[in-house]
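Trainee: can't give you the sequence, but here's the structure:
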């Protein structure tokens, strides 16, 4: 990660293009727009990968998950912009939520465990001139490590393996400030309930749930996507 931080945008683009066909597309949330680096024609890329590779490591980080867009809308609209507030995005993939929050003015740590995801995030940070507000770091939120104390921890589609639920609860406890206004805000597809996680989490957090939806402008059928937004606040705070 230290190597990526010292590289220019052109150097990062060259590194990414050695492995992936690259494209930039504008993504809009509210009145904010970012230029997002993506794998060009992702579905076709995956098809070609399946034909040439015996063991495929699917780049799930490269997909724009609808829950990420919906969470970005929610955060940009409802999160109060205060000075010295620290936001941590976990399992960020392309870094959509963190990028929009940084565009709004928040100080954000955008994290992922995948090396190529971190490369794309750093590209997106430089492309959108957000270096002043963003720090990119490798981070595994399925471990119980204590990394920083954030006012907000945000993530979309991060509750996907039940075997990590207990350690994820501990991760949140270790990295969220024990303050009354601190929150964990998660977005999850409506069809993915992760009830076991919230059963564990309710011992340490007060949990609010709200179902939201939006219609993608790129979808010809204008199919509505539904997601649950979960807001977790610590029961114990200073």
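Mentor: Done, it's in. Source: prediction; values computed, not measured.
Trainee: need the helix or strand of this structure with the lowest average pLDDT.
Mentor: Across the helices and strands of the chain, mean pLDDT, DSSP states H and E gives its lowest value to helix 42-52, namely a mean of 65.
Trainee: could you point out which element follows that helix?
Mentor: helix 66-78 (DSSP states H and E).
Trainee: Give me the buried positions along that following helix.
Mentor: 66, 67, 68, 69, 70, 71, 72, 73, 74, 75, 76 (16 or more other CB atoms under 10 Å). For glycine as for every other residue, the C-beta is placed from the backbone atoms N, C-alpha and C.
Trainee: Kindly report the same for stretch 176-189.
Mentor: Those would be 176, 177, 182, 183, 184, 185, 186, 187, 188, 189, for stretch 176-189 by 16+ other CB under 10 Å.
Trainee: which residue packs closest to the first one, ignoring adjacent ones?
Mentor: Spelled out, that is residue 176. If the residues on either side of it in the chain are set aside, residue 176 comes closest to residue 182, at 5.2 Å by CB to CB, 6 or more residues apart in numbering.
Trainee: just the helices in this structure please.
Mentor: 2-5, 9-17, 42-52, 66-78, 96-104, 115-127, 165-175, 195-201 (DSSP state H).
Trainee: thinking again about what came up before, from the buried residues of helix 66-78, which two are the most distant?
Mentor: Comparing every pair within these by CB to CB identifies 66 and 76 as the most remote, at 15.9 Å.
Trainee: any weak-confidence spans in this protein?
Mentor: In the predicted model, the chain carries pLDDT under 70 at residues 1-2, 42, 45-58, 215-223, 238.
Trainee: Now with 90, please.
Mentor: 1-7, 19-21, 39-65, 78-85, 144-148, 160, 178-181, 189-194, 212-227, 235-238 (pLDDT under 90).
Trainee: hmm, back to that, same list, the buried residues of helix 66-78, but as TSV with distance to residue 134 please.
Mentor: As requested, the buried residues of helix 66-78 are arranged in TSV below (distance: CB to CB, whole Å):
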residue	distance to residue 134
66	23
67	21
68	16
69	19
70	21
71	17
72	14
73	19
74	20
75	15
76	15
